[in-house]
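>>> fold the following for me, if possible:
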Amino acid sequence: MKLARPDQAPDGWQKWRDLLFVHWDVPVDSLRALVPPQLELDLWNGRALVGVVPFAMQDVRPAWL
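Presented below is the predicted three-dimensional model:
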């Protein structure tokens, strides 16, 4: 599936630097206990994964600046 770029101009700009993608496999029942029941868990092959993505943002500014 290819997503099209929006027709309108962006509201702002930013650069993402020093990204780290970390994921942990956690028991589905343990995660279910922490997530509100009205939200569905998005499982991968029946497994629950929790991810953290720390990063630094630079040059964050509105488009008009």
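>>> which non-adjacent residue is nearest the spatially most central residue of the chain?
Per Cα atoms, centre = their mean, the C-alpha nearest to the average position across the chain is that of Val53, at 7.5 Å. Spatially, and ignoring its direct neighbours in sequence, Val53 is nearest to Phe21 (5.5 Å; Cβ to Cβ, 6 or more residues apart in numbering). Where you see a C-beta, it was placed from the backbone N, CA and C, and this is true even at glycine.
>>> thinking again about what came up before, surely the residue nearest to the centre of the chain meets Leu19?
Yes - between Val53 and Leu19 there is a contact under Cβ atoms under 8 Å: 6.5 Å.
>>> quick one: secondary structure of Leu31?
helix (DSSP: H, G, I helix; E, B strand; the rest coil).
>>> contacts only, for the closest residue to Asp11 other than its chain neighbours.
Nearest residue to Asp11, sequence neighbours excluded (Cβ to Cβ, 6+ apart): Ala63, at 5.7 Å. Going by Cβ atoms under 8 Å, 6 or more residues apart in numbering, Ala63 touches 9-13.
>>> cool, Gln14 as well?
Neighbouring residues of Gln14 by Cβ under 8 Å, 6+ apart: 57-61.
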